[in-house]
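Enquirer: Quick check, what structure comes out for this input:
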Amino acid sequence: MRILFVHPNYRSGGAEIAGTWPPAWVAYLSGHLRQAGFDDIHFIDAMTDNIPDDELATRMAAIAPDVIGVTAITPSIYRAEDVLKIASETIPGAVRMLGGVHATFMFKQVLSEAPWIDVIVRGEGEEICTNLMTAIRDGHWPAARSKIHGLAYREGSEIVSTPAASTVKDLSKIKPDWSVLNWEKYIYIPLGTRVAIPNLARGCPFTCSFCSQWKFWRDYRVREPKDVVDEIEDLVTNHGVGFFILADEEPTINKKKFVAFCQELIDRGLPKRVKWGINTRVTDIYRDRDLLKFYRKAGLVHVSLGTEAAAQMQLDVFNKETKVDENKTAIRLLREADILVEAQFIVGLDNETPETLEETYRMAWDWQPDLANWSMYTPWPFTPLFQELKDQVEIFDFSKYNFVTPIMKPAAMERGELLDGVMNNYRRFYMKKAMFHYPWRGTGFRRRYLLGCLYAFLKAGYKRTFYDLGKAGYWGPQTKNKVDFHFDETRQLAEAQLDDWEASADRAARAAERREAVTAQMKDRADQRRDFVMPNGARAKSCGGGDQQMEDA
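Expert: Predicted coordinates:
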């Protein structure tokens, strides 16, 4: 059986300005399928190769697959649907499959707007995809689809979903096939070397209200460090990778496993051959302050910190559980360990003003990270924060949900003004860094890396691809009232998806009411115990002999 995977051609001027990123999803799926005996696997990277639709159709027809699979995050969903639309017209006999985080939670929306999709894989893909491919190969498709967990599909006019599949419990079975990628295409611009995106863990124990990772992966699991380093050694030795970024939301959560991962890298001498970066939380940097130089010895050179917002009020909205002053200290600790630090700010919520944008700039300059990014708040339509803010959401064109387009309009600003304020922060921060810091601070690797980052910014700025400025028509403050984000206002939420959301909202409201009632009841009981006076006139004592009672709440 012949399988074709396609990475859809979608660009937004965000992360891709730093280089061409290898689609790790196809390597992880292909590796699992090969273990199950599927060896006729093909891949087209329409994004990296910038393949137009007519050429894509020609290449699909030449391969003539039995199954074509595509993945999508929210902003690339329409391009993924387009790929499968082309497949339906070019190779109508092939089973058309879609996976990824957006389709997992928005399958009713997707199947309503793209009925040519045969099946959606919901959740962690390796085992579900293998079960699905086995059924197709053995001639049990579509008769047996209702027996495969983790699927969604149309049955006549109805949209059907099977029970959720279990997450992958034995992570030792995760053995990606990195050879499916053409590695000479994937270059990290700041260092001019090949780049990879492996993962150490799946999931996240934290429940940030703007994030979907904890919902998608469901339970937090860490791979054995030796297995991951085996994978990295293969990437370095056989595919020429010189830099990797761990795909984990926060690889440092499990301190013991992360330390073991670093030690394994050191023991194999890999830090001399490959450098790497991570995303993590400020609290983990605090916790590991005595280990930061050890991490640097293991080859860690770049840490992106989710500082998120300058105002503590905004941090509370995001449920980040960090304090503003902790961000500055964490940045200082990383720089002292010779690790480059990038501060991430989220802007564009309802309460954003020119003053709060200025505050984020002043904080960024005061904290002195090596790099700073201002990302537009993007309300993933399947996160708790979106449910809270959905009455304020005016744009349902998911192709613009890309962290660079202002989906939300602040009450006190127009979208063009918000974009101009963000660009003003970028201009000031990187102009001062370019003139007074990057050429003169540090020597060797640090300076080369920072100048490489500056080159990536300048290259994207010159081509007008940064933040999609060329498409939006932004050329500076004089154009802030004329920018056009080209929202497709015909895009709306499907009725099936709305019905599902309303049912979910009702369940969530009932659960919240129960929690509040239990908390109030327990607090009342604690108050009664605390105020209880015994017959001898003494107040009730706590377990330790004092009269301060612990509140159950």
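
Enquirer: is it true that Pro8 touches Lys85?
Expert: No. The criterion here is C-beta atoms under 8 Å, and Pro8 misses it with Lys85 at 11.3 Å. To be clear about C-beta, it is placed using only N, CA and C from the backbone, and glycine gets the same treatment.

Enquirer: Neighbour count: those two, which is higher?
Expert: Pro8 (25 against 16; other C-beta atoms under 10 Å).

Enquirer: Helix or strand for the nearest residue to the more buried one once chain neighbours are set aside, just tell me which one.
Expert: Leaving aside its chain neighbours, Pro8 sits nearest to Arg79 (3.9 Å; criterion: C-beta to C-beta, 6 or more residues apart in numbering). Secondary structure from DSSP states H and E places Arg79 in helix 77-90.

Enquirer: Indicate each strand paired with whichever helix or strand comes after that helix and its parallel or antiparallel sense.
Expert: Using DSSP H and E, the helix or strand that directly follows helix 77-90 along the chain is strand 95-99. If you go by DSSP bridges, strand 95-99 pairs up with strand 67-71 (parallel), strand 119-121 (parallel).

Enquirer: nearest to Asp290, of these?
Expert: Of all the strands paired with strand 95-99, strand 67-71 sits nearest to Asp290, with 39.9 Å by C-beta to C-beta.

Enquirer: Next one: Pro354 relative to Pro477, how far apart?
Expert: 12 Å (C-beta to C-beta, to the nearest Å).

Enquirer: circling back: got the angle for the helix holding Arg79 vs strand 67-71?
Expert: Here helix 77-90 runs at an angle of 170 degrees relative to strand 67-71 (axes from the mean of the first three to the mean of the last three C-alpha atoms, to 10 degrees).

Enquirer: how many other residues sit next to Met97?
Expert: There are 27 residues near Met97, going by other C-beta under 10 Å.

Enquirer: Hmm, the residue nearest to Pro8 is touching Ser12, no?
Expert: No. Checked against C-beta under 8 Å, the pair Arg79 and Ser12 is beyond contact range at 11.0 Å.

Enquirer: Let me see the mean pLDDT of the host helix or strand of Asp54.
Expert: Using DSSP H and E, Asp54 falls within helix 53-63. The average pLDDT for helix 53-63 rounds to 98.

Enquirer: which residues are in contact with that helix?
Expert: 2, 4, 6, 9, 42, 44, 46, 51, 68, 82-83, 86-87, 89-91 (C-beta atoms under 8 Å, 6 or more residues apart in numbering).

Enquirer: ok, 7 Å please
Expert: Arg2, Leu4, His42, Ile44, Ala46, Asp82, Ile86, Ala87, Thr90, Ile91 (C-beta atoms under 7 Å, 6 or more residues apart in numbering).

Enquirer: now do stretch 331-345
Expert: For stretch 331-345, the external contacting residues (C-beta under 7 Å, 6+ apart) are 285, 289, 292-293, 296, 300-310, 360, 364, 367-375, 446, 449.

Enquirer: one more time with 8 Å
Expert: In contact with stretch 331-345 (C-beta under 8 Å, 6+ apart) are residues 285-286, 289, 292-293, 295-296, 300-310, 327, 330, 360, 364, 367-375, 446, 449-450.

Enquirer: For it, output the C-alpha coordinates as PDB.
Expert: Extracted C-alpha coordinates of stretch 331-345, given in PDB (Å, rounded to 0.1, in the frame of the first residue of the first chain):
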ATOM      1  CA  ILE A 331      16.900  36.500  32.300                       C
ATOM      2  CA  ARG A 332      19.900  37.600  34.300                       C
ATOM      3  CA  LEU A 333      20.600  34.100  35.500                       C
ATOM      4  CA  LEU A 334      20.600  32.700  31.900                       C
ATOM      5  CA  ARG A 335      22.900  35.400  30.600                       C
ATOM      6  CA  GLU A 336      25.300  34.800  33.500                       C
ATOM      7  CA  ALA A 337      25.500  31.200  32.400                       C
ATOM      8  CA  ASP A 338      26.300  32.300  28.800                       C
ATOM      9  CA  ILE A 339      23.000  31.100  27.500                       C
ATOM     10  CA  LEU A 340      21.200  33.400  25.000                       C
ATOM     11  CA  VAL A 341      17.800  34.300  26.200                       C
ATOM     12  CA  GLU A 342      14.700  35.300  24.300                       C
ATOM     13  CA  ALA A 343      11.700  37.000  26.000                       C
ATOM     14  CA  GLN A 344       8.300  36.300  24.600                       C
ATOM     15  CA  PHE A 345       5.500  38.900  25.100                       C
END
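
Enquirer: What residues of that stretch count as buried?
Expert: The neighbour-count check on stretch 331-345 (16 or more other C-beta atoms under 10 Å) flags Ile331, Leu333, Leu334, Arg335, Ala337, Ile339, Leu340, Val341, Glu342, Ala343, Gln344, Phe345 as buried.

Enquirer: What of stretch 25-39?
Expert: Trp25, Val26, Ala27, Tyr28, Leu29, Ser30, Gly31, His32, Leu33, Arg34, Phe38.

Enquirer: from these, which is closest to Asp219?
Expert: Tyr28 (17.6 Å).

Enquirer: How far does the helix or strand hosting that closest one sit from its chain's centre?
Expert: Using DSSP H and E, Tyr28 sits in helix 24-35. Chain-centre distance of helix 24-35: 20 Å, with C-alpha atoms, centre = their mean, to the nearest Å.

Enquirer: Likewise for stretch 136-149?
Expert: Distance, stretch centre to chain centre, for stretch 136-149: 31 Å (C-alpha atoms, centre = their mean).

Enquirer: circling back to that earlier point, filter the contacts of stretch 331-345 to the buried ones?
Expert: Counted by 16+ other C-beta under 10 Å, the contacts of stretch 331-345 give 285, 292, 295-296, 300-310, 327, 330, 360, 364, 367, 369-375, 446, 449-450 as buried.

Enquirer: Can you list which of those residues are found in strands?
Expert: Among these, the residues falling in strands (DSSP state E) are 300-308, 371-375.

Enquirer: Is it possible to get a markdown table of those that adds distance to Leu111 and pLDDT?
Expert: Output for those, formatted as a markdown table (distance: C-beta to C-beta, whole Å; pLDDT from 0 to 100):
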| residue | distance to Leu111 | pLDDT |
| --- | --- | --- |
| Leu300 | 42 | 98 |
| Val301 | 44 | 97 |
| His302 | 40 | 98 |
| Val303 | 40 | 97 |
| Ser304 | 35 | 96 |
| Leu305 | 38 | 92 |
| Gly306 | 33 | 81 |
| Thr307 | 38 | 73 |
| Glu308 | 34 | 55 |
| Leu371 | 40 | 96 |
| Ala372 | 40 | 95 |
| Asn373 | 35 | 94 |
| Trp374 | 35 | 94 |
| Ser375 | 30 | 92 |
